[in-house]
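Trainee: show me the folded form of this:
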Amino acid sequence: MFDHELTRQAEALLQRARTAGVMIVTAESCTGGLVSALLTEIPGSSDVVDRAFVTYSNEAKTEMLGIPARVIAANGAVSREVALRMAENALLKSNADIAVSITGIAGPGGSEHKPAGLVHFGLAVRDRPGMCEVHRFGDRGRDVVRRQSVLSALRLLHKGVDLIV
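Mentor: Okay, here's the model as predicted:
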């Protein structure tokens with residue numbers, strides 16, 4: 001289902017997390033659960049993956065992750081503020097040690113200020129301040145943006161493991 005590079009990266013992450021004894025949670029919007037699907041495609045991932053939140057709509061971000069509607073209205077769903085809250089709240093609503101979040105515009109569409117290919121990522125690690133990254137993958141098509149987002153999320157999760165070990 002997933003290509004060799006994605007699978008290899010996911011297997012490496014799962015092994016590192018397993019060795020460190022940490023659990024992972026994901027909170028995904030524009031990737032629609034691709035990160036969690038990739039991780040759980042690998043046999044034995046249940047000892048590392050706690051759960052996943054697919055919060056594609058603003059209402060889902062509010063209902064499932066507890067992000068106030070006013071925060072989304074003030075900043076937009078595709079923003080640093082929302083990405084950070086997605087990760088932090090996913091961590092709070094799980095038994096995990098590390099959370100990654102993804103919110104962006106996979107395309108087509110977007111606007112001058114938030115073009116297709118703009119993706120915000122959040123990383124939360126228990127007992128540490130959260131962090132965000134912003135990537136501009138360009139308007140290269142929905143599949144490319146989503147794949148690059150999955151790779152970036154895996155890299156962030158590796159960083160999260162590094163912060164724990």
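
Trainee: flag every buried residue along the longest helix seen in the chain.
Mentor: In the chain, assigned by DSSP state H, the helix with the most residues is helix 142-164. Using 16 or more other C-beta atoms under 10 Å as the burial criterion, the residues of helix 142-164 that qualify are 142, 145-157, 160-161, 164. C-beta here means a position set from N, CA and C on the backbone, and glycine is covered the same way.

Trainee: kindly state the pLDDT recorded for the residue most central in space within the chain?
Mentor: What sits nearest the mean C-alpha location of the chain, by C-alpha atoms, centre = their mean, is Ser101, with 2.8 Å. Looking at Ser101, its pLDDT stands at 98.

Trainee: C-terminal to the one helix or strand it maps to, what's the next element?
Mentor: Under the criterion of DSSP states H and E, Ser101 resides in strand 98-104. For strand 98-104, the following helix or strand on the C-terminal side (DSSP H and E) is strand 118-125.

Trainee: partners of that following strand, with directions?
Mentor: When pairing is defined by DSSP bridges, strand 118-125 lines up against strand 98-104 (antiparallel), strand 131-136 (antiparallel).
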